[in-house]
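Colleague: Mind looking at a prediction? Sequence and model below.
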Amino acid sequence: MESLLGGKMWEVIPFMTMFLIEGCTIALTITAKSAMGLGMSQFVFVAYSNALSSVLLLAYSLIYHRDSMKKIFNGKLITRFFLLGLIGITIAQNLAFTGLRDSSPIVVCAMGLLLPSFQFFLNLILRKTELKLKSKATRMKLVGVVVSSVGALTVALYLGPSMLPGPIIRPLMLHGTKLNFVFVATTQEWMFGTLLLACATFFIAIWSMIQVSTFKRFPDMMVIVTCYTIFGTLQTFFVDIIANGDLNAWKLQMDLELLIIVLTAIFGTLVRSRVQAWIMSLKGPMYVAMFKPAGIFWANFFGESFFGTLCYGSVIGTIVVGVGYYTVLLGVKEEARKDQEDSTKFDSSDIKAPLLQNQDGDEQV
C-alpha cells in the first residue's frame, strides 16, 4: 500500500511542479508588463536580465563544467554561439517583450503555442521532413497547424468585450510609489503587439533548430546556454543602446524594475531550466512540452480573478490555439511511434536475413 501511494506521489510531483512553473512564468510576465507600464524600457529589461543571467551561468559553468569550457574555443562553435545569441536573445526576446508591452500575457501564451506549427513549416522548407498526406501523423500536424492559425488570427483580429467590469485588487505601494499591476495593454496597438509576438515565436523556432544541431556537435547544454547568453547579452547592449538612446533609462533604482530583472534572471537561469531538465530526464521532452498550454489556465486565472480585464476574443482564440498545439504534438508523437515501429521491423529483418542465408547454405552443403 505504501509503495502504491509512493508511486502515485512520484507521478503527482512532476505534474504539479511543471504546472506551478508555468504559473510562475505568467506571474513574472504580468510583473514585467506592469514595470513597462511604469516606464521601464523593454530593451533595458532584456539587456540587464541577460547580463545577470550571464554572470550566474558563467559562474556555474566554471565550477561544474570547467573541462567543457576549455573546448569552446572553436571557430565553428563560436559562430553557432553567436547565431544562437543573436536569434534567441537579441531578436526574439526584444520582439517578445515589445509585443508584451502592446498586448497581454494571454496573447504571449497564444503566440507561444504556435511554435510546433512554425517548426513543422521550417522542417518542410529545409526538407527535413516530407509532406506525406497519406500519413496519419502528417494529417494530424496539418490539422493542428490550421487550427492554431485560426486561433492566432482570432486573438489578433478580435479582442471582444471584457469578461468582467474591472480590476478587483487595490494598488500596491512600493517605496512610496503607487503601483498598479496591469494585465491588458491600454494602447491601441494590439494587432501590432500580437504580430511581434508571432515573429518572436518564429525566430525561437529557428533558434531551437540551431540549438539542437549544436548540441549534437557539443553535448554539454549548460555550456552552450552560457556561451550564447553571453554573446546575446553583448549584442543586446549594443543594439539596445542604439535603439534606446536615452542613457537615463539605463539607470536602475531600487524599485519594481530592479526586482523583475533579478527575479527573471534567477528564475529563468537557475530555477526553470534546471527543473525542466530534471523532469525531462524523468519523463522525456514530450512531457515538458505538454504543459505549455497550462499558461492559458494561469493567464485566465490571474486575468479574471485579480484584474477583471480578460476579453472574450483573446480567451477563445488562445484556447483554439491550445487545441491546435496539442494536435500538432499528437502528430509528432504518432510520427515518432511509427518511426520506432519501422525501425524495429528493420532490425528484425536484419536479424532474420543471416539466419535464412545460413539455412540455405547448410542445405546446399
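Modeller: That came through, no problem.

Colleague: Export only the CA atoms of whichever strand or helix holds Ala277, formatted as CSV.
Modeller: Under the criterion of DSSP states H and E, Ala277 resides in helix 273-283. The C-alpha trace of helix 273-283 is given here as CSV (Å, rounded to 0.1, in the frame of the first residue of the first chain):
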residue,chain,number,x,y,z
SER,A,273,15.9,25.5,-16.7
ARG,A,274,17.1,23.1,-14.0
VAL,A,275,13.6,21.9,-13.1
GLN,A,276,12.6,21.3,-16.8
ALA,A,277,15.9,19.4,-17.3
TRP,A,278,15.2,17.3,-14.3
ILE,A,279,11.6,16.5,-15.4
MET,A,280,12.8,15.9,-18.9
SER,A,281,15.2,13.3,-17.7
LEU,A,282,12.4,11.5,-15.8
LYS,A,283,9.5,11.9,-18.3
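
Colleague: Quick check: buried residues in it?
Modeller: Ser273, Val275, Gln276, Ile279 (16 or more other Cβ atoms under 10 Å). To be clear about C-beta, it is placed using only N, CA and C from the backbone, and glycine gets the same treatment.

Colleague: One more: stretch 247-260?
Modeller: For stretch 247-260, using 16+ other Cβ under 10 Å, the buried residues are Ala249, Asp255, Leu256, Glu257, Ile260.

Colleague: how about the helices of the stretch 251-365 of the chain, start to end?
Modeller: 256-266, 273-283, 285-289, 294-302, 312-364 (DSSP state H, counting those that start in this stretch).

Colleague: Check the stretch 101-250 of the chain too.
Modeller: Using DSSP H, counting those that start in this stretch, helices in the stretch 101-250 of the chain cover 105-112, 115-125, 136-157, 190-217, 221-243.

Colleague: could you check the angle helix 190-217 makes with the last one?
Modeller: If you take axes from the mean of the first three to the mean of the last three Cα atoms, to 10 degrees, helix 221-243 sits at 140 degrees to helix 190-217.

Colleague: Now helix 221-243 - C-alpha only, PDB.
Modeller: The C-alpha coordinates for helix 221-243 follow below in PDB (Å, rounded to 0.1, in the frame of the first residue of the first chain):
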ATOM      1  CA  MET A 221      23.800  22.000 -22.800                       C
ATOM      2  CA  MET A 222      24.800  24.200 -19.800                       C
ATOM      3  CA  VAL A 223      28.000  25.400 -21.600                       C
ATOM      4  CA  ILE A 224      26.000  26.100 -24.800                       C
ATOM      5  CA  VAL A 225      23.500  28.100 -22.800                       C
ATOM      6  CA  THR A 226      26.200  30.000 -21.000                       C
ATOM      7  CA  CYS A 227      28.100  30.900 -24.200                       C
ATOM      8  CA  TYR A 228      25.100  32.000 -26.300                       C
ATOM      9  CA  THR A 229      23.700  34.000 -23.300                       C
ATOM     10  CA  ILE A 230      27.000  35.900 -23.100                       C
ATOM     11  CA  PHE A 231      27.000  36.600 -26.800                       C
ATOM     12  CA  GLY A 232      23.400  37.600 -26.700                       C
ATOM     13  CA  THR A 233      23.900  40.000 -23.800                       C
ATOM     14  CA  LEU A 234      26.800  41.800 -25.600                       C
ATOM     15  CA  GLN A 235      24.700  42.000 -28.800                       C
ATOM     16  CA  THR A 236      21.700  43.200 -26.900                       C
ATOM     17  CA  PHE A 237      23.600  46.000 -25.200                       C
ATOM     18  CA  PHE A 238      25.000  47.200 -28.500                       C
ATOM     19  CA  VAL A 239      21.600  47.100 -30.300                       C
ATOM     20  CA  ASP A 240      19.500  48.400 -27.400                       C
ATOM     21  CA  ILE A 241      21.800  51.400 -26.600                       C
ATOM     22  CA  ILE A 242      21.300  52.400 -30.300                       C
ATOM     23  CA  ALA A 243      17.500  51.700 -30.100                       C
END
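
Colleague: So which other helices or strands are in contact with that helix?
Modeller: On a contact count with 3 or more Cβ pairs under 8 Å, 6 or more residues apart in numbering; DSSP states H and E, helix 221-243 meets helix 42-64, helix 66-69, helix 75-85, helix 92-101, helix 190-217.

Colleague: Not counting its own residues, what contacts the first one?
Modeller: Translated: helix 42-64. 32, 35-36, 68-69, 89, 93-94, 97-98, 100-101, 222-223, 225-226, 229-230, 232-233, 236-237, 239-240, 243-244, 249-250, 252, 257, 260-262, 264-266, 268-270 (Cβ atoms under 8 Å, 6 or more residues apart in numbering).

Colleague: most neighbours per residue, which of the helices and strands packed on helix 221-243?
Modeller: helix 92-101 (a mean of 23; mean count of other Cβ atoms under 10 Å).

Colleague: could you check the angle helix 221-243 makes with that helix?
Modeller: Using the same axes, to 10 degrees: helix 92-101 against helix 221-243 is 60 degrees.

Colleague: Can you spell out which helices and strands pack onto helix 92-101?
Modeller: Checked by 3+ Cβ pairs under 8 Å, 6+ apart, helix 92-101 has helix 2-37, helix 42-64, helix 105-112, helix 190-217, helix 221-243 packed alongside it.
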